[in-house]
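[1] Fold the following and give me the result.
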Amino acid sequence: MRRLLATTALMLGSLAAVTLPGAASAQTIFPINRAEILAGSRFDVKVEFAGVVARDALRVTLNGKPLEDSFGKPAEFLEREDGQAASSLVLRDATLATPGRYVLQASDGQNTASVAWEVYAAPEQRRAQNVILFVGDGMTVANVTAARILSRGIEEGRYRSTLAMDNLPRMATVGTSGSDSIATDSANSAAAYNTGHKSAVNALNVYASRARGTLDHPKVETIASLARRQLGMSVGIVTTAEIQDATPAAVFAHTRRRNDYIPITDQLLAAGPEVVMGGGSASFLPRSTPGSRRADERNMIDAFRQAGYAFGDSAESMTAAAADPGTRRLLGLFNLGNMDGALDRFYLRRGTVERFPNQPDLTEQTRAALQVLSRNPAGFFLMVESGSIDKFNHPLDWERSVYETIMLDNALKVALDWAANRDDTLIVVVPDHNHGMSITGTVDDNRPGTEMREKVGVYEQAGFPNYPAADARGYPPRVDVSRRLAVFFANFPDYYETFRPHLEGTNVPAVAQQGQANRFMANERYREANPGGQLREGNIPRSNAQAVHTVDDVILRATGPGSERFRGFVDNTMVFRAMAEALGLGR
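    Model prediction:
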């Protein structure tokens, strides 16, 4: 399991860890070196020793004072943590109320290591009554450009109009790397947005330690928990993915393994956000119900109802429940798994649309969430995710990902209209990570040649695509036009580039090789069905069946009180810090 060694912290900059004699087997400390911690927030402290040590040989201090004196309670000593030949010291739910620089030093009598933390508080009183965080999961610059072309149209080089996100006044580039790797996933990147702490791939709001239980790693508090605990605010989570998926789960869950869907569902009930809407009912249904993912007979939908939640399983029932002035808590579950994308739902009627015909649009979900959450005079924190931008970029299915980008922008417009006559709402739009997607020009079926690559127009030969004008929803009703965008990806498995949209269903670029575990080859069914297509040999390991995330910075846009924090380049942990400061947390 990945973890940071205190010895490597010497290279991490101005607050570098100090490692004293015996550094080769020095301790590992969480929170890690250079962690930024909001004053008054809760976090777990953990020191992992290299071997089994005696309790009376340990000395752990914070700014020179014994750990127990600094936090007002004793730490738990684990002589052989989880049966391993190594000791640990754990102190749960620690808080530091006073801003400043803190140095935690740990010694086992022979080896000593230390880390430095910055504890900060909001510099001003509360400025934002509400915070709305829009996450375009895996949304690239090309996603936004293509969404503007398809949804707004372009003529002689000028767009006929712009997207809602184009008009937000603040912008910054955001670095997305985690504590264990420059290449992030949605879990640790979303965790940084929600906690202000760095974490590792697959980890949700925990530091990745050597604990064997996925729920036993050092936890850090989320902004949703802080907003409710300190300010009495309401919390909302809206997504097109399963509600247990990484980005929505990062609002409330704590686990080292992002696919702990059943424990995450149980944690959701315990956290009690006022609004929960998305897919993922498979983790709510008792085992005996068809489609259930649970191993027990617990009916979590009933458990939420008993906790005071109104329930909706369609656009109609969700809208009716939200409109009821007595509704203060709302659970909406619209699919066993991820909700169907806009292209399949509205135009192609693919995916699970026949089984779940009344899934709401993200705009409807956002509108319903705002109705319910705004009934709390203390304000609210709302996270809205267009989760399938990423889910369609992975299989190189760019048309579907662009329709999900348009959907996110439509939902943003709902929030901007809601906040238009008030100056108390911070709105942030940001991807959690990037993909290697780029627009090269156009593909013109009428260009001569039998090879599809010869039909790609670049420079002056690209011209403009001929998609029909967008309908009332903001989408062109067709993508199978004669001159369409040429969109390609920078990282990919072996696959057949068809240069055409995948109308029959989501693209499946690679399939498992027969008799070889964890090795993928190009999906042959596209070869004969798409004459003129091209076999592309992959540039990532053959163990990958889809494109992977990139390390490129992402683009953040924002408006409202506190948005001035976003300029130039910022780390992803700054998203949390700016939201916390706008809410006056930590004062």
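[2] doesn't Ser87 make contact with Glu81?
    Yes. Judged on Cβ atoms under 8 Å, Glu81 makes contact with Ser87 at a distance of 6.7 Å. For every residue, glycine as well, the C-beta is placed using N, CA and C.
[3] hey, where'd the strands end up in the stretch 151-300 of the chain?
    154-155, 158-159, 170-175, 234-242, 275-279 (DSSP state E, counting those that start in this stretch).
[4] Could you list the paired strands of the second one along with their orientation?
    Strand pairing for strand 158-159, determined by DSSP bridges: strand 154-155 (antiparallel).
[5] contact partners of the strand it pairs with?
    With contacts defined as Cβ atoms under 8 Å, 6 or more residues apart in numbering, strand 154-155 is touched by Arg148, Arg160, Phe464.
[6] Take the residues you listed and lay them out in JSON lines including neighbour count.
    Converted to JSON lines, the contacts of strand 154-155 look like this (neighbours: other Cβ atoms under 10 Å):
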{"residue": "Arg148", "neighbour count": "22"}
{"residue": "Arg160", "neighbour count": "12"}
{"residue": "Phe464", "neighbour count": "15"}
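[7] which one of those residues is nearest Gln306?
    Using Cβ to Cβ, Arg148 comes nearest to Gln306 of the contacts of strand 154-155, at 45.9 Å.
[8] so where do the helices sit in the stretch 351-500 of the chain?
    362-373, 388-393, 398-419 (DSSP state H, counting those that start in this stretch).
[9] Let me know which of the strands of the stretch 151-300 of the chain is the nearest to Tyr526.
    Of the strands of the stretch 151-300 of the chain, nearest to Tyr526 by Cβ to Cβ is strand 234-242, at 26.2 Å.
[10] Turn the strands of the stretch 151-300 of the chain into a markdown table, columns for mean pLDDT, mean neighbour count and distance to Asn539.
    Shown next, in a markdown table, are those (pLDDT from 0 to 100; neighbours: other Cβ atoms under 10 Å; distance: least, Cβ to Cβ, whole Å):
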| stretch | mean pLDDT | mean neighbour count | distance to Asn539 |
| --- | --- | --- | --- |
| strand 154-155 | 96 | 12 | 31 |
| strand 158-159 | 98 | 11 | 33 |
| strand 170-175 | 98 | 18 | 24 |
| strand 234-242 | 98 | 27 | 27 |
| strand 275-279 | 98 | 27 | 32 |
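[11] Among those, which comes closest to Gly515?
    Gly515 lies closest to strand 234-242 among these, at 31.9 Å (Cβ to Cβ).
[12] Show me what that closest one is packed up against.
    Contacts defined by 3 or more Cβ pairs under 8 Å, 6 or more residues apart in numbering; DSSP states H and E place strand 234-242 against helix 223-231, helix 246-249, strand 275-279, helix 362-373, strand 380-386, helix 388-393.
[13] need the next SSE after the third one, C-terminal direction.
    In this case it means strand 275-279. Next along the chain after strand 275-279, taking DSSP states H and E as the criterion, comes helix 300-306.
[14] Give me the buried stretch members for that following helix, please.
    Met300, Ile301, Phe304 (16 or more other Cβ atoms under 10 Å).
[15] residues in contact with the last one?
    When contacts are counted by Cβ under 8 Å, 6+ apart, Phe304 touches Leu269, Val276, Phe284, Phe311, Leu331.
[16] Just give the nearest non-adjacent residue to the first one, would you?
    In space, and not counting its chain neighbours, Leu269 is closest to Ala303: 5.7 Å by Cβ to Cβ, 6 or more residues apart in numbering.
[17] Would you reformat the contacts of Phe304 as a markdown table and include distance to Leu503?
    Listed next are the contacts of Phe304 as a markdown table, based on distance: Cβ to Cβ, whole Å:
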| residue | distance to Leu503 |
| --- | --- |
| Leu269 | 40 |
| Val276 | 33 |
| Phe284 | 33 |
| Phe311 | 35 |
| Leu331 | 34 |
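[18] mind listing the strands in the stretch 451-587 of the chain by residue range?
    456-457, 483-489, 495-497, 510-512, 520-522, 534-536, 549-550, 554-559, 569-571.
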